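**Q** next one to model:
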Amino acid sequence: MTLAPRLELRQTQSLVMTPQLRQAIKLLQFTNLEVAAFVEEELERNPLLERDERPETAAERPALDQLPSGEHTIEPLGTDLLVGAGTLPDDAAAPLDTDYGEQFDESGYDRGRLAESTSTDGFGAEYAGRMGTGGRPDGEGASFLENVAEQPRSLREHLGEQLRLSFDGHVDRLIGAHLIALLCPAGRVAVADEVIAAALGTTPARVAAVRARMMRFDPIGLFARDLRDCLAAQLAERNRLDPAMQVLLDNLDLLARREFKRLQLLCGVDAEDLSDMAAEIRALDPKPAAGFDIVAPQPILPDVLMRPGPDGDWILELNPDTLPRLLVSASFHARVSLRAGREERLFLAEKLASANWLVKSLQQRAQTILKVAGEVMRRQDGFLTHGVGHLRPLILRDIAEAVEMHESTVSRVTANKYISTPRGLFELKYFFTTAISGTSGESHSAEAVRHRIRGMIAAEDSTATLSDDAIVAALRREGIDIARRTVAKYREALRIPSSVQRKREKAVSA
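**A** Down below sits the predicted model:
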């Protein structure tokens, strides 16, 4: 046997992740907000892509569980909804060279629109009768700008104004600005004075003095190192920080565990005084910065809509508000490519292929989501009819085998995708739960068992509490074989305290 170099020709097959395939996989796992942002970027980058703003006229399509037996695929959406040449609405009768500046009077109000409202709307007629010169209400000289709501000031702007009014020296103002920059969302600065002093080149005593003064800013309790200092500042402002209250603040963990006997001995007070002190602490604000910079919560838009059908079945459809609709402008491509050079034609060909691939990927994403969601809800029909207690054990492999996809694809589809059901808005991942064996050989959903544990604890008698062992015994009588540590894990996940803690809380409320 000799070793020598030689040339060989071999033919093999391998899976290559092309950029288009990576894009399709990314689109599949994106949320509807991420898809909308991605589409916006592509609209700016690709001149051959346009937004389809035509009204939705697609006919209602049946859900997956309504298809005849043996049909596992969804018929493709009409290509006229995704690719077309029309870019303007059919009723666009107004000339494109209209000078809209002529539609407004000298005061800046649209008289033509107002006249239209007065002729077709009773409220418009009443409003027009009360309008005076310049489009203002009779008897009022204020403009509409004065009725616009003022933007609330942020917390840092509020504190910056107090900082400028409270300190004259540049060094103190610099320390105060640094403390404001270090504020956490709860309103605390956990950084030690020595660390801040070393960063600013000053002394820890000066930082401590500035911090102590700024803790009296509005709202009281900001810039504290921990919860104790925050509550102590608020009690000092109310002149209620006596020695007994300081001891209580030093033992907030005992107060959280309702160990009142031990707190009475430490504070040197009786039960009534301790109850009053605890009520004063509960009236304080543990997070004084939480009331500022409130961001309006963004509602979750479901990707799939579900509603009952006329025959007692369920109808699934994609939410049109979360489904981007794009057009590939073939007419623009044909018009421009006639006069384009070689490089321009290559550019247009690349953009045309990218636009067609994006439209195809969005269509495939919509079909896959609807396909997986239909199979999930078909298996969880008991939840729709009877509630959480009738959830069935379900894993990704079950859905993947039913829809003939890989488990990773099903995982991407169900992550951060929401479905609106008659019982509320749920993430698709919510319906995938592990199985807990039963005493008779059947299996139960872990989510259904958690729901049962929550219901048992909520129905406790006011004079007795269920221990974890008692819950295990009750569940086994119902046919659920579960260990005590599993019950404790589910109870902690539900943020339900132990039976000893619940007993103390009931004693306090009584």
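**Q** distance of residue 503 from residue 462?
**A** Note on residue 503: its distance to residue 462, by C-beta to C-beta, to the nearest Å, is 11 Å. Any C-beta I mention is one placed from the backbone N, CA and C, and that applies to glycine too.
**Q** next: residue 210.
**A** Residue 210 is 51 Å from residue 462, by C-beta to C-beta.
**Q** which one of the two has more residues nearby?
**A** Legend: neighbour count by other C-beta atoms under 10 Å for residue 210 and residue 462, higher for residue 210 (26 against 8).
**Q** number of nearby residues for the nearest residue to residue 345 once chain neighbours are set aside?
**A** Leaving out its chain neighbours, the residue that sits closest to residue 345 by C-beta to C-beta, 6 or more residues apart in numbering is residue 337, at 5.7 Å. When neighbours are defined as other C-beta under 10 Å, residue 337 has 14 of them.
**Q** do the same with residue 215
**A** Based on other C-beta under 10 Å, the number of other residues close to residue 215 is 23.
**Q** go on, residue 502?
**A** Look at residue 502: counted by other C-beta under 10 Å, it has 18 neighbours.
**Q** now do residue 7
**A** 4.
**Q** which SS class is it?
**A** Reduced to three states with DSSP: H, G, I helix; E, B strand; the rest coil, the structure at residue 7 is coil.
**Q** residues contacting it?
**A** Residues counted as contacts of residue 7 (C-beta atoms under 8 Å, 6 or more residues apart in numbering): none.
**Q** biggest helix in the chain, by residue count?
**A** helix 342-379 (DSSP state H).
**Q** show me what counts as buried in it.
**A** Neighbour-count burial for helix 342-379, counted by 16 or more other C-beta atoms under 10 Å, picks out 348, 351-352, 354-359, 361-363, 365-379.
**Q** likewise stretch 267-275?
**A** Buried residues in stretch 267-275, counted by 16+ other C-beta under 10 Å: 267, 269, 274.
**Q** my guess is the last one meets residue 265, correct?
**A** No - judged on C-beta atoms under 8 Å, residue 274 makes no contact with residue 265 at a distance of 10.3 Å.
**Q** where does the stretch 101-250 of the chain dip in pLDDT?
**A** Across the stretch 101-250 of the chain, the ranges flagged by pLDDT under 70 are 101-151.
**Q** go with 80
**A** Applying pLDDT under 80 to the stretch 101-250 of the chain picks out residues 101-153.
**Q** for it, what spans make up the strands?
**A** Using DSSP state E, counting those that start in this stretch, no strands are assigned anywhere in the stretch 101-250 of the chain.
**Q** over to the stretch 401-510 of the chain?
**A** Here the stretch 401-510 of the chain has its strands, by DSSP E, counting those that start in this stretch, at 418-421, 424-427, 435-437, 443-445.
**Q** mind putting these in JSON lines, mean pLDDT included?
**A** Converted to JSON lines, the strands of the stretch 401-510 of the chain look like this (pLDDT from 0 to 100):
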{"stretch": "strand 418-421", "mean pLDDT": "92"}
{"stretch": "strand 424-427", "mean pLDDT": "90"}
{"stretch": "strand 435-437", "mean pLDDT": "83"}
{"stretch": "strand 443-445", "mean pLDDT": "85"}
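**Q** export these to a markdown table and append columns for mean neighbour count and distance to residue 323.
**A** Rendered in a markdown table, the data for the strands of the stretch 401-510 of the chain read as follows (neighbours: other C-beta atoms under 10 Å; distance: least, C-beta to C-beta, whole Å):
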| stretch | mean neighbour count | distance to residue 323 |
| --- | --- | --- |
| strand 418-421 | 20 | 14 |
| strand 424-427 | 13 | 17 |
| strand 435-437 | 15 | 34 |
| strand 443-445 | 21 | 31 |
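**Q** for residue 407, find the nearest of those strands.
**A** Evaluated with C-beta to C-beta, the strands of the stretch 401-510 of the chain place strand 435-437 nearest to residue 407, the distance being 16.7 Å.
**Q** could you pull up the mean pLDDT of the longest helix of the chain?
**A** Averaging pLDDT along helix 342-379 gives 89.
**Q** what does the helix or strand just after it contact?
**A** Past helix 342-379, further along toward the C-terminus, the next helix or strand under DSSP states H and E is helix 381-386. Applying C-beta under 8 Å, 6+ apart, the contact partners of helix 381-386 are 314, 377, 390, 391, 392, 421, 422, 423, 431.
**Q** and if you look at stretch 196-211?
**A** By C-beta under 8 Å, 6+ apart, the residues outside stretch 196-211 that reach it are 167, 171-172, 174-176, 178-179, 182, 189, 193-194, 223.
**Q** next, check the residues you listed against the helices and list the overlap.
**A** Short answer: the contacts of stretch 196-211 in helices (DSSP H) are 171, 172, 174, 175, 176, 178, 179, 193, 194.
**Q** check contacts around residue 240.
**A** Applying C-beta under 8 Å, 6+ apart, the residues contacting residue 240 are residue 280.
**Q** mind checking how far it is from residue 248?
**A** 11 Å.
**Q** likewise for residue 4?
**A** Relative to residue 248, residue 4 is positioned 88 Å away (criterion: C-beta to C-beta).
**Q** who's more crowded, those two?
**A** residue 248 (24 against 4).
**Q** re the thing from before, so which of the contacts of helix 381-386 wins on neighbours?
**A** Highest neighbour count within the contacts of helix 381-386, by other C-beta under 10 Å: residue 391, with 24 neighbours.
**Q** okay, and the beta partners of the residue nearest to that one when sequence neighbours are not counted?
**A** In space, and not counting its chain neighbours, residue 391 is closest to residue 445: 4.1 Å by C-beta to C-beta, 6+ apart. Beta-bridge partners recorded for residue 445 (DSSP bridges): residue 435.
**Q** on that earlier part again, what pLDDT does the residue nearest to residue 345 get?
**A** Value for residue 337, per-residue pLDDT: 79.
**Q** that one and residue 351: what is the separation?
**A** For residue 337, the distance to residue 351 - C-beta to C-beta - is 11 Å.
**Q** the domain parsing of the protein - what is it?
**A** Per automatic domain parsing, the structural domains of the chain span 155-282, 304-431, 435-509.
**Q** run the chain-centre distance for the first one.
**A** Meaning domain 155-282. With C-alpha atoms, centre = their mean, to the nearest Å as the basis, domain 155-282 stands 32 Å off its chain's centre.
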